[in-house]
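A.B. asks: any chance you can model this:
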Amino acid sequence: MSTAYPHPTVPLPASRVRTPSGATAETLVLVALVLEVIGGVLVLAGIGYLFGFSLLNPFPYAWAALVAGAAVAVVVVAFLYLAYTLSYQRIQRGEYLEAQAPTLVLGILSLLLGVVPGIFYIVAYVKLGDALREAQGPVLPPAAPMPPGVSAGGGSVACRGCGRVYGLGQFAFCPACGQKLAP
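C.D. replies: Okay, here's the model as predicted:
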């Protein structure tokens, strides 16, 4: 490499496994975030309209409307920030286990405030569980039982690919990984 692009002195982090269900969960959370941003903008626009109306037509408790509007604005921004950092960014990094609980909590809270984003969060929670199972790798079938007359003791052979033990002469190829079984 040249001096303009020196070798990194720190090892690069190991890349996380990116699963199809993880990508689906990421998309679902992103859609829910976009819907919540749209809903938040509409709520804040409505509060702004009411505040503008109260400036033109003053009433005794206009300050309370201003305080309530500010509180709603803070809650909306805080909710969106937490949803983005605790759920979406973790899913992007492949931290599916860490993103599961916040996604479920966000889904339940969103069901109370807006039904559609809540449904997206809950479906994303389910897809995160699928992504965790996919990231663990394929589930290998159990070893086949020994046929009568073939004993595992002394007359057994271990597969060099997956390590499963079979009776000598039971299989020519490993049923789990397909490698040739040699004594």
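A.B. asks: what residues are up against the nearest residue to Ala65 once chain neighbours are set aside?
C.D. replies: The shortest distance from Ala65 to any non-neighbouring residue, by Cβ to Cβ, 6 or more residues apart in numbering, is to Ser54 (5.6 Å). C-betas here are computed from N, CA, C, even on glycine. Counting by Cβ atoms under 8 Å, 6 or more residues apart in numbering, Ser54 touches Ala62, Ala65, Leu66.
A.B. asks: my read: the second one touches Leu50, true?
C.D. replies: I take that to be Ala65. Yes. Here Ala65 reaches Leu50: they are 6.2 Å apart, a contact under Cβ atoms under 8 Å.
A.B. asks: do you have the helices of this protein handy? List them.
C.D. replies: Along the chain, the segments classed as helices by DSSP state H run 20-56, 62-83, 89-92, 96-113, 115-135.
A.B. asks: same list (those helices) but as JSON lines, adding distance to Lys180 and mean pLDDT.
C.D. replies: Formatted as JSON lines, the helices of the chain follow (distance: least, Cβ to Cβ, whole Å; pLDDT from 0 to 100):
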{"stretch": "helix 20-56", "distance to Lys180": "32", "mean pLDDT": "89"}
{"stretch": "helix 62-83", "distance to Lys180": "52", "mean pLDDT": "86"}
{"stretch": "helix 89-92", "distance to Lys180": "41", "mean pLDDT": "94"}
{"stretch": "helix 96-113", "distance to Lys180": "37", "mean pLDDT": "92"}
{"stretch": "helix 115-135", "distance to Lys180": "29", "mean pLDDT": "93"}
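A.B. asks: in a markdown table: the ones you listed, plus distance to Cys162.
C.D. replies: Converted to a markdown table, those look like this (distance: least, Cβ to Cβ, whole Å):
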| stretch | distance to Cys162 |
| --- | --- |
| helix 20-56 | 24 |
| helix 62-83 | 42 |
| helix 89-92 | 31 |
| helix 96-113 | 26 |
| helix 115-135 | 19 |
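A.B. asks: Ala182 is nearest to which of those?
C.D. replies: Nearest to Ala182, of all those, is helix 115-135, at 32.8 Å by Cβ to Cβ.
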